[in-house]
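# pasting the sequence and the predicted model now:
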Amino acid sequence: MGVKVRIPTPLQRLTQGKEEVEGSAGTIIALVNDLDQKYPGLAERVSEKGKIRRFVNIYVNDEDIRFLHAEETQVKDGDEVSIVPAIAGGSR
């Protein structure tokens, strides 16, 4: 079954245009590294030195991992993970 991971549009070029991919259960950082094996370049855009990048938000079953155990948050088969890049901007 695996873990369902929703990929944001800017990263879909790394996943051959797929909006959803499947990864392995474990910690969030292990999941990111697992996905990087299948989709090279994904990990460097989402993480750095074993930590999720500051401007990338990750949700497990709609819960922000920053309020759980961050990169060490456990995911299990059947969970849904969403990668959401923070968007900044606007006008004065």
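In hand now; what should we look at?
# quick one, longest helix in the protein?
helix 28-38 (DSSP state H).
# so which bits of it are buried?
Neighbour-count burial for helix 28-38 flags 28, 29, 30, 31, 32, 33, 34, 35, 36 (criterion: 16 or more other C-beta atoms under 10 Å). (Each C-beta comes from the backbone N, C-alpha and C, glycine too.)
# what's the closest of those to residue 62?
Distance to residue 62 across the buried residues of helix 28-38 (C-beta to C-beta) is lowest for residue 28, with 14.6 Å.
# so what's the closest one up against?
Residues near residue 28 by C-beta atoms under 8 Å, 6 or more residues apart in numbering: 52, 58, 60, 65, 70, 71, 72, 73, 75, 81.
# run a quick neighbour tally on the fourth one.
Which is residue 65. By other C-beta atoms under 10 Å, 19 other residues sit near residue 65.
# touching, it and residue 59? I think so.
Yes: counting by C-beta atoms under 8 Å, residue 59 is a contact partner of residue 65 at 7.0 Å.
# kind regards, and thank you for your time.
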